[in-house]
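J.: Give me the fold of what follows.
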Amino acid sequence: ATLVQGVENVTKVHVNPAAAEVISFRNKLVLYLSGSPNYGGLILSSERSRLSHTLDFIKGYPVKTIAELKADPQLGTFIVNARMVDIVNLDPWWYPVCKCNQIFGKYIGAFHCTKCNVAEFKPAPKVKLIVEVEDETGYALFRSFDHVMANLAVVDPS
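T.: Residues are numbered from 1 along each chain as shown. Next up, the predicted model:
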């Protein structure tokens, strides 16, 4: 079983590490992110998190199926017990960051940091992805980013 926890956007995805797609995704993500100085690495699969109804994030949040979310779309925090089926889209991109770690939010052809008065930047790699998840009632597409997926926790399905 796979658990997808979401807060507006997906914040934590627990998957079965034996799935070929997950292993392939992790390998590609590690290679892609290894160039970033701020990347701390993936959680090792030996650090297993046991699924329990007493986990902190379960307290106070309603459990919904994918069909229930589709039938009544609303903003909120929900627990959705689902399996990650596929990575539908993997979109690498970057954003410009100054040497002082200030992000250039708006720029028109040139970069200028008002904090340290320089025009040089370093590219910070990011990966946006869309994953397909399913439960017994249907399927849905979840959009996520590398910093979320890099914190994958493993749930033993047995």
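
J.: Name the residues that touch stretch 99-106?
T.: Taking contacts as Cβ atoms under 8 Å, 6 or more residues apart in numbering, the residues outside stretch 99-106 that touch it are 95-98, 111, 113, 115-116, 118, 120-122, 124. In this view, the C-beta of every residue, glycine as well, is placed from N, C-alpha and C.

J.: Just the buried subset of those residues, please.
T.: 96, 97, 98, 113, 121 (16 or more other Cβ atoms under 10 Å).

J.: Give me the subset of these that lies in strands.
T.: Under the assignment DSSP state E, these contribute 96, 97 to strands.

J.: now this structure, which segments are flagged as low pLDDT?
T.: Residue ranges of the chain with pLDDT under 70: 1-19, 21-22, 26-59, 105-109, 149-158.

J.: ok, which stretches of it are strands?
T.: 3-7, 9-15, 77-81, 83-97, 122-135, 138-145, 153-154.

J.: got the buried residues for stretch 85-103?
T.: 87, 96, 97, 98.

J.: again but with stretch 68-78, I slipped
T.: Buried residues in stretch 68-78, counted by 16+ other Cβ under 10 Å: 68, 69, 78.

J.: What's the end-to-end length of that stretch?
T.: This stretch, stretch 68-78, spans 11 Å end to end (Cα to Cα, to the nearest Å).

J.: Number the residues from 388 up from this point.
T.: Right, with 388 as the first residue, what we last looked at is stretch 455-465.

J.: Would you check that residue 530 makes contact with residue 520?
T.: No: counting by Cβ atoms under 8 Å, residue 530 sits too far from residue 520 to count as a contact (11.5 Å).

J.: Who has more neighbours out of the two?
T.: residue 520 (24 against 14; other Cβ atoms under 10 Å).

J.: still on that earlier bit, and the contacts of stretch 486-493, which is closest to residue 412?
T.: The closest of those to residue 412 turns out to be residue 511 (Cβ to Cβ; 20.5 Å).
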